[in-house]
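Colleague: Generate a structure from the sequence data that follows.
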Amino acid sequence: MRNSVYTLGSTLILILFIIIIIIVLLEIQTVPAFARMPGPTFGGNIGRIILYSIVIIVVIVTRIKWTKHGRKVTKPKIMVESIFFITLASIVTFDSIYNVGVPILFVIPYVILFFGLQHYSYLHSNRLISFWKNSKSGSIYVTGGTHIHLAYVIGTTSRIIISVLFVGSLFSPSKRGVIYINNSTAVLATIVFDLLLMSSLGLLIGINRRTLIRYNLIKHGKDNVQER
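Modeller: All right, here's what the predicted structure looks like:
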């Protein structure tokens, strides 16, 4: 089915997002006003909020541009991008365990979810992307996979937002965000959004693998594409 990857990713993202928002909102309502006082002020977080906002905007703009207008494909570019995003997710996972207090055993479902969705995306994303070759330079371009890139944008930005608002520990010594919640809720929120990040990352790495395979086939003349 053409939109199978999109359906799975979107459904998972929507379910996780709704669950955590409901839990967090209920928790905020039950926390007394004086209990929120120890949390850092908005002014103390404004620098990180600006920085994270810039990251979010860059991620959104680049992904939209690539999926709509296409981008030039090279083996080093795809590999470097994949390594970068995997490294970033690993740092976030370490932060969740070391600073937030997520049990280390949760690395197991994180890894299983990542590899499972990565393989699923690899198998089914071929029909979501299209390639063409520049008639003058011979460069290979790819477009499509909008839903998968959108899933990654949502997964990444959600993890950043949850850190700024409720956790406050992502790349920062502060263990509290703009809105104070108790430790157990912070751990739960972190786990859910880490799973969301791993899901979207798996989908992205899977389509990158498929892109790299198709690129190699086209490069060696084993897959014919339209020239423009």
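
Colleague: In the protein, what helix or strand scores lowest on average pLDDT?
Modeller: Sorting the helices and strands of the chain by mean pLDDT, DSSP states H and E puts helix 4-30 at the bottom, at a mean of 48.

Colleague: and V153, how far is that from V142?
Modeller: Going from V153 to V142 by CB to CB, to the nearest Å gives 18 Å. For every residue, glycine as well, the C-beta is placed using N, CA and C.

Colleague: Have a look at those two and say which one is more surrounded.
Modeller: Taking V153 and V142 together and counting by other CB atoms under 10 Å, V142 has the greater number of neighbours (23 against 19).

Colleague: How confident was the prediction at the more buried one?
Modeller: As predicted, V142 sits at a pLDDT of 89.

Colleague: Can you mark which positions in stretch 140-149 are buried?
Modeller: Under the neighbour-count criterion of 16 or more other CB atoms under 10 Å, stretch 140-149 has I140, Y141, V142, G144, G145, T146, H147, I148, H149 buried.

Colleague: Surely the last one touches V61?
Modeller: No: the pair H149 / V61 is not scored as a contact, 11.6 Å apart, by CB atoms under 8 Å.

Colleague: Could you give me the buried positions within the longest helix along the chain?
Modeller: The residue-count maximum for a helix in the chain (DSSP state H) belongs to helix 183-219. Residues of helix 183-219 classed as buried by neighbour count (16+ other CB under 10 Å): 185-212, 214-215, 218.

Colleague: tell me what the next helix or strand along the chain from it is packed against?
Modeller: Note on helix 183-219: by DSSP states H and E, the next helix or strand toward the C-terminus is strand 226-227. Under the contact definition 3 or more CB pairs under 8 Å, 6 or more residues apart in numbering; DSSP states H and E, strand 226-227 sits against strand 129-133.

Colleague: what about 6 Å?
Modeller: With contacts defined as 3 or more CB pairs under 6 Å, 6 or more residues apart in numbering; DSSP states H and E, strand 226-227 has no helix or strand neighbours.

Colleague: Flag the shaky bits of this structure, pLDDT-wise.
Modeller: Along the chain, segments meeting pLDDT under 70 span 1-53, 55-56, 168-180.

Colleague: so who does L197 touch?
Modeller: G155, R159 (CB atoms under 6 Å, 6 or more residues apart in numbering).

Colleague: make it 7 Å
Modeller: If a contact means CB atoms under 7 Å, 6 or more residues apart in numbering, then L197 has A89, V92, G155, T156, R159 as its contacts.

Colleague: export those residues to JSON lines and tack on secondary structure and distance to E81?
Modeller: JSON lines is the format used below for the contacts of L197 (DSSP: H, G, I helix; E, B strand; the rest coil; distance: CB to CB, whole Å):
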{"residue": "A89", "secondary structure": "helix", "distance to E81": "13"}
{"residue": "V92", "secondary structure": "helix", "distance to E81": "17"}
{"residue": "G155", "secondary structure": "helix", "distance to E81": "15"}
{"residue": "T156", "secondary structure": "helix", "distance to E81": "13"}
{"residue": "R159", "secondary structure": "helix", "distance to E81": "18"}
